[in-house]
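# Below: sequence and its predicted model.
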There are 2 protein chains.
Amino acid sequence: MAIQLPGFTMKNPLMPASGTFGFGEGYAKEYDLNLLGALVTKSTTLAPRIGNQGTIFADGPDSTLNAVGLKNPGSDVVLHEKLPWLATQYPDLPIIASIAGVDVAEYAAVAKKLSAAPNVKALEVNISCPNVKQGGMAFGTDPEVAAAVTRAVKAASSVPIFVKLTPNVTDITAIAKAVEQAGADGLSLINTFVGMRLDIATGKPLLDNVTGGVSGPALLPMALHMVYQVAHAVRVPLIGMGGISSGHDAAEMLAAGATALAVGSANYYQKRAIPKIAAELAAIQEGQTVL
Amino acid sequence: MAIQLPGFTMKNPLMPASGTFGFGEGYAKEYDLNLLGALVTKSTTLAPRIGNQGTIFADGPDSTLNAVGLKNPGSDVVLHEKLPWLATQYPDLPIIASIAGVDVAEYAAVAKKLSAAPNVKALEVNISCPNVKQGGMAFGTDPEVAAAVTRAVKAASSVPIFVKLTPNVTDITAIAKAVEQAGADGLSLINTFVGMRLDIATGKPLLDNVTGGVSGPALLPMALHMVYQVAHAVRVPLIGMGGISSGHDAAEMLAAGATALAVGSANYYQKRAIPKIAAELAAIQEGQTVL
């Protein structure tokens, strides 16, 4: 099940989606993180961010709405504490550091800083977070802006870069081609859809941030379609994600054109989701499972 | 629970979403269609269409993928058989005739024809079907093209027109404002998201049409957000739809800014979905239900 991504090898194609796994400490109590193919860290900004306050989660049938909003300890803590802890505990586990910012300069500064860490094998450039007023998705819905961030990060980074795309666009292939031409070594897709819930007693939005990111198993058909579209539009490898919660889903995402896979909100529903999915996928690939 | 839309009154705000109810004959065996606030018919084209062949449905957890593809008996049959049957059986039931076409001329021709039927109180202009190679969603993702179809239909129709919007766009408010300015009396949103599933044995798409429209309860947060956005961007009334399967969902959609509501794939899960939702909504609005 080993796969090759630009600059590093993964023992299996599975990793947690950024934002659903923190920096691994919590899940390390659930299972041996060496079972992961790689670990994608929480999107990190130059300075710490407290994220959105008040109500930041709302669950629906088979979809999760979150407005966490890039809450993170900042690049210093990640560089000097989080990444060294992962290197000590899991010396062979490739880390993909997710980065974010409010402007191109911040993206480049964080890229330069985190890509220097020895266990960081790639960066994931988060230009698709729907829960921040500046940066985030605003960068990901315009091909030229997305390309500008990509160029700046590529110039600053000493490791390969994956750009994470938002599904909230008319034509995701336009964004994908723009960031590929701007130097992206790979793409991650899809991030969450924008959504909201309302309090029917007050008529007001349920989340303090008004909107949040929707994810969960029901979104798999949309994620598969966008990976399928982008795989036919670019040459760089894709990390496919969006609604994967079983080995069968994982196999579909590979069939759609992904090289590697990320599992997000399934981690909320089932702590050991990734090892379970990895085992199911292995059984399918070795022909042990009837399709 | 009565509500007023341009040109007609509905006894309650609920109607079936076009494409999930045919022309009512099937559901008429399940319950008295007078329980509906209005009935939206299957999108009708000038000539009959056989729709897509082969595999056209695939179900996922809390979402349905369909690639029916505007299968309909054509405007003559609808005008001379389907609509008269409804008028005889349900003389007080307002009918919203959904129309589609491959070009602006066809939309206008069908509009002129069906708007002449006495029980047709409005037209719903389907510029958002994702399952046809020509017309459909291709019209709904570009503000200018959407406006051109709207102008032509408005000029040809003798009843108010609602334009049905696709969620597969970067900014749904841009489309909404363009069709409002072009003369739409109201808007219906959201149609389905584009999605696909793959056969992991063959690696090929499961649907013969490759892609289909995704709908179902899990999409409610995205539908609520888009109705909320559009309600803040235009003045015309909105028919809100997308994932409604309970009175609570319906109340949220009204709180988001919809005037009327359509129920789609919930009809697949539960034949009497609409009467059930109408009763639940009435209980909420009369304060009988604890929120």
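Ah, there it is.
# most distant residue from the middle of chain A?
Centroid-distance maximum for chain A: residue A:201 at 35.0 Å, with CA atoms, centre = their mean.
# Look up which helix or strand it falls in, please.
Residue A:201 is part of no helix or strand when elements are defined by DSSP states H and E.
# Which secondary structure state is assigned to residue A:80?
With DSSP: H, G, I helix; E, B strand; the rest coil as the basis, residue A:80 sits in helix.
# I should have written residue A:221 there, sorry.
Per three-state DSSP, the secondary structure class of residue A:221 is helix.
# just the one 3 residues further on next, same as before
For residue A:224, the assignment made with three-state DSSP gives helix.
# The residue farthest from the centre of chain A and residue B:220: what is the separation?
Counting by CB to CB, to the nearest Å, the gap from residue A:201 to residue B:220 is 18 Å. Using the backbone N, CA and C atoms, a C-beta is placed for each residue, glycine as well.
# Run the contact check for the lowest-mean-pLDDT helix or strand in chain A versus chain B.
Here the helix or strand of chain A ranked lowest by mean pLDDT, DSSP states H and E is strand A:57-60, holding a mean of 83. Yes. Residues of strand A:57-60 contacting chain B under CB under 8 Å from any CB of the partner chain: A:58, A:60.
# next helix or strand past that strand?
Per DSSP H and E, strand A:57-60 leads on to strand A:63-66 as the next helix or strand towards the C-terminus.
# For that next one, what does the pLDDT average out to?
Strand A:63-66 carries an average pLDDT of 88.
# Distance check, residue A:263 against residue A:21.
On the measure of CB to CB, residue A:263 and residue A:21 end up 9 Å apart.
# between those two, who's got more neighbours?
Shown here are residue A:263 and residue A:21; by other CB atoms under 10 Å in any protein chain shown, residue A:263 has more neighbours (26 against 23).
# Show me what the more buried one is bridged to.
Applying DSSP bridges to residue A:263 gives these bridge partners: residue A:16.
# and it, what does it touch?
The contact partners of residue A:263, taken as CB atoms under 8 Å, 6 or more residues apart in numbering or on different chains, are A:14, A:15, A:16, A:17, A:20, A:241, A:244, A:245, A:273, A:274, A:277.
# quick one: the fifth one and residue A:270 touch, right?
No. Under the contact definition of CB atoms under 8 Å, residue A:20 does not touch residue A:270, with a separation of 11.8 Å.
# between those two, which one's more packed in?
Shown here are residue A:20 and residue A:270; by other CB under 10 Å, residue A:20 has more neighbours (22 against 14).
# for the stretch 51-200 of chain A, which spans come out with low pLDDT?
Where the stretch 51-200 of chain A drops to pLDDT under 70, the residues are A:61-62.
# Skipping adjacent residues, who's closest to the residue of it found nearest chain B in space?
Closest approach between the stretch 51-200 of chain A and chain B, counting by CB to the nearest CB: residue A:195, at 2.9 Å. Counting by CB to CB, 6 or more residues apart in numbering or on different chains, residue A:195 lies nearest to residue B:221, which is 2.9 Å off, once chain neighbours are set aside.
# Ok, residue A:205 next?
Excluding the flanking residues, the one nearest residue A:205 by CB to CB, 6+ apart is residue A:196, at 5.5 Å.
# tally of neighbours for that neighbour?
27.
# gap between it and residue B:17?
Distance from residue A:196 to residue B:17, by CB to CB: 20 Å.
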